[in-house]
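Asker: next one to model:
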Amino acid sequence: ARIISRSTFKLECAVLSWNELLRLRREIGGTKESMNVYERTSTTKVDIELAWNMVMTMFPSTRKRHYYATSV
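Answerer: Coordinates of the predicted model:
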């Protein structure tokens, strides 16, 4: 039988991290309305990096996997 934790710590971190991600995204990317097509599609890389940072903060075991995936 698997025991399921009733802790909500990871969910609370996710909400805080998501709000931080949105704040950083606004700071780095500015407003999307004033961007041309190239600038708007270039924001994907920043979004991916911010999302990975959020995941690595919430789940530290992913840091090792992310390091190996990006260093190859």
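
Asker: ranges for the helices of this protein?
Answerer: Assigned helices in the chain, in chain order: 9-29, 37-58, 62-71 (criterion: DSSP state H).

Asker: which one of those helices has the lowest average pLDDT?
Answerer: Of all the helices of the chain, the minimum mean pLDDT falls on helix 62-71 (a mean of 61).

Asker: just the terminal-to-terminal distance for stretch 25-36.
Answerer: Using C-alpha to C-alpha, to the nearest Å, the end-to-end distance of stretch 25-36 comes out at 17 Å.

Asker: spatially nearest residue to N53, not counting backbone neighbours?
Answerer: If you skip the residues right next to it in sequence, N53 has L21 as its closest partner in space, 7.9 Å away by C-beta to C-beta, 6 or more residues apart in numbering. Every residue, glycine included, has its C-beta placed from N, CA and C.

Asker: one more: S17?
Answerer: Of all residues not flanking S17 in the chain, M54 sits nearest, at 4.3 Å (C-beta to C-beta, 6+ apart).

Asker: contacting residues for the one you found?
Answerer: M54 is in contact with 14, 17-18, 20-21, counting by C-beta atoms under 8 Å, 6 or more residues apart in numbering.
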